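*Asks:* Sequence first, then the predicted structure:
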Amino acid sequence: MRLPFTRRPAAAPAPAPVSEGESLLEAVGLTKSYAGADGELPVLSGIDLTVRSGEIVALLGRSGSGKSTLLRCLAGLIPPSSGSVSYRGAPLTGANPGTALVFQNFALLPWLTVRQNVEVGLEAQGVPPRERARAADQAIDLIGLAGFESAYPKELSGGMRQRVGFARALVVEPDVLMMDEPFSALDVLTAENLRGELLELWESGQFPTRAVVLVTHNIEEAVLMADRVVVLGSRPYGTIRETVEVGLERPRDRDSEEFDALVDEVYRIMTGRPLAPRPATRPDRRTVAGTPLPHASVDGLSGLAETLAHRDGRCDLADLADELALDIDDLLPQVDALDLLGFAEIHGDDLLLTDAGTAFAGADVQDSRAIFADAVVEVPLVKLIANSLHGHPDATVRAGFFRDLLAHHYTSEQADRQLETATDWGRYAGLFAYDAARQEYRLEPPA
Ligand SMILES: Nc1ncnc2c1ncn2[C@@H]1O[C@H](COP(=O)(O)OP(=O)(O)O)[C@@H](O)[C@H]1O
Ligand SMILES: [Mg+2]
């Protein structure tokens, strides 16, 4: 329901009109690798994606799944390693002339006023000063910044700064507005308010852009805003797992059953969890090269186990996230951890505490440590550390040893995070001690 453009800065000739539903952006067979210390690090593989006039497309995935990389490829800021990106049918050879970006961290120039920040893009296009000022004021007005034209970024709240980010992108009237986690740096209420205002503008046809690509890790945000949710999986590297059409009428009601059902569906796709209970054999979990350890502390996973116990051992994950005012994916590491330890299982949309999980949640500190120790010795990385120390009462093993082993299969960031988790879990279970100053593991002295 986009209105045709009413105004376009003089130096940027209006592209030929595109009718609703026509392709604006297209990626075909896109792959992308970055050069790393041990050669190429594959990030995206086999991506086919079309963005059409009139739609909001969300790219949804966990951190590290390659969302920002894909967005940068679509914007022509980095070239794909293979495959192609085209804009209005023409393959890109540099920056995409039809896109403008909004960043998570606003990326404003601190020495420029709001108006000057908004004018930056137009200046680069060679738009004359008077025209620039007029266009900037119009964008500033549209996005609710009127009165702040002469303010500097440091005088503004986070929400107002991000409005400047939006105005700066919208002022060039891009065919496709691209947003990379634009609400993630804002507090919950500010983010919700800004989402609502943007959707109102979009729904009323006042948005001077034909399509939107929104990068997010927030499932509800994706379902609230997008016409299509493209779910990126990250194992072993970013591919499109599935695309979900969101047919809900706008404005959307977050409390409706249809909304909940879609959130649940997307959650299942994102976590790769089947509807039926998963089979008991999980061969990929037996080695450190298998599924990476989720980044969940003992406190965090215990908290989730106790929360479940208080609800008779069963609850719907989307509801739980809602009640705790968390994004569902903030809960995923804890859910994965309980699952890995055999303390909980996923059945459909519900998380169920197992008998071991119930015992763990109900036990006093000493017993809960013992129950935890029984479960955690089967976790490959924890087992590896414990076994390396075993039989050497005075031995120490440096963390770097395990980090190097992990580096064969993971990025250094992922390796560090897993080691952090394994250390936390193994220490709590009393399997080994860790000296952070020396970065060394040793056996726990007998109690
Ligand atoms: N410039 C870069 N050089 C090397 N690796 C990178 C670069 N940018 C991103 N990566 C890696 O690519 C993967 C995907 O990153 P990114 O696209 O930022 O994911 P997301 O936005 O989904 O969190 C990550 O493992 C990240 O460390
Ligand atoms: Mg990102």
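*Replies:* Good, I have the coordinates. Numbering: from 1, shown residues only. Ligands and ions are numbered 1, 2, ... in the order given.

*Asks:* Any idea how many residues pack against Gly159?
*Replies:* Using other C-beta atoms under 10 Å, the number of residues around Gly159 comes to 17. Just so you know, the C-beta spots here come from the backbone N, C-alpha and C atoms, and that holds for glycine as well.

*Asks:* In the lowest-mean-pLDDT helix or strand in the chain, which of the residues would be classed as buried?
*Replies:* When each helix and strand of the chain is scored by mean pLDDT, DSSP states H and E, helix 317-323 comes last, with a mean of 83. By 16 or more other C-beta atoms under 10 Å, the buried positions in helix 317-323 come out as Leu317, Ala318, Asp319, Leu320, Ala321, Asp322.

*Asks:* go on, stretch 123-140?
*Replies:* The neighbour-count check on stretch 123-140 (16+ other C-beta under 10 Å) flags Val127, Arg132, Ala133, Ala135, Ala136, Asp137, Gln138, Ala139, Ile140 as buried.

*Asks:* and that stretch, how far from the chain's centre?
*Replies:* A distance of 33 Å separates the centroid of the chain from that of stretch 123-140, by C-alpha atoms, centre = their mean, to the nearest Å.

*Asks:* cool, stretch 203-214 as well?
*Replies:* On C-alpha atoms, centre = their mean, the centre of stretch 203-214 falls 22 Å from the chain's centre.

*Asks:* on contacts alone, who are the packing partners of the top helix by length along the chain?
*Replies:* In the chain, with assignment by DSSP state H, the single longest helix is helix 412-429. Using 3 or more C-beta pairs under 8 Å, 6 or more residues apart in numbering; DSSP states H and E as the contact test, the elements touching helix 412-429 are helix 298-310, helix 365-376, helix 380-389, helix 399-407, strand 433-435.

*Asks:* Name the residues of the third one that are buried.
*Replies:* It refers to helix 380-389. Going by neighbour count (16+ other C-beta under 10 Å), the buried part of helix 380-389 is Pro380, Leu381, Val382, Lys383, Leu384, Ile385, Ala386, Ser388, Leu389.

*Asks:* Ligand 1: which of those residues is nearest?
*Replies:* Of all the buried residues of helix 380-389, ligand 1 sits closest to Leu381, with 19.0 Å by C-beta to the nearest ligand atom.

*Asks:* And that closest one, how far from Asn387?
*Replies:* 11 Å (C-beta to C-beta, to the nearest Å).

*Asks:* go on, Val298?
*Replies:* 21 Å.

*Asks:* and if you look at Ala58?
*Replies:* According to C-beta to C-beta, Ala58 and Asn387 sit 44 Å apart.

*Asks:* before we move on, what about Gly158?
*Replies:* 48 Å.

*Asks:* what residues does the stretch 1-150 of the chain put near ligand 1?
*Replies:* The stretch 1-150 of the chain comes close to ligand 1 at residues Tyr34, Leu41, Val43, Gly61, Ser63, Gly64, Ser65, Gly66, Lys67, Ser68, Thr69, as judged by C-beta under 6 Å from any ligand atom.

*Asks:* same thing but 5 Å
*Replies:* Residues of the stretch 1-150 of the chain lying close to ligand 1 by C-beta under 5 Å from any ligand atom are Tyr34, Val43, Ser63, Gly64, Ser65, Gly66, Lys67, Ser68, Thr69.

*Asks:* Next, the contact list for the closest residue to the second one other than its chain neighbours, please.
*Replies:* Among residues not flanking Val43 along the chain, Gly66 sits closest, at 4.6 Å (C-beta to C-beta, 6 or more residues apart in numbering). With contacts taken as C-beta atoms under 8 Å, 6 or more residues apart in numbering, Gly66 has the following neighbours: Lys32, Val43, Leu44, Leu232, Ser234, Tyr237, Gly238.

*Asks:* could these go into JSON lines alongside neighbour count, distance to Tyr434 and pLDDT?
*Replies:* JSON lines is the format used below for those (neighbours: other C-beta atoms under 10 Å; distance: C-beta to C-beta, whole Å; pLDDT from 0 to 100):
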{"residue": "Lys32", "neighbour count": "24", "distance to Tyr434": "37", "pLDDT": "96"}
{"residue": "Val43", "neighbour count": "21", "distance to Tyr434": "32", "pLDDT": "93"}
{"residue": "Leu44", "neighbour count": "24", "distance to Tyr434": "36", "pLDDT": "95"}
{"residue": "Leu232", "neighbour count": "25", "distance to Tyr434": "34", "pLDDT": "95"}
{"residue": "Ser234", "neighbour count": "19", "distance to Tyr434": "28", "pLDDT": "74"}
{"residue": "Tyr237", "neighbour count": "19", "distance to Tyr434": "31", "pLDDT": "73"}
{"residue": "Gly238", "neighbour count": "26", "distance to Tyr434": "33", "pLDDT": "84"}
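
*Asks:* Much appreciated, bye for now.
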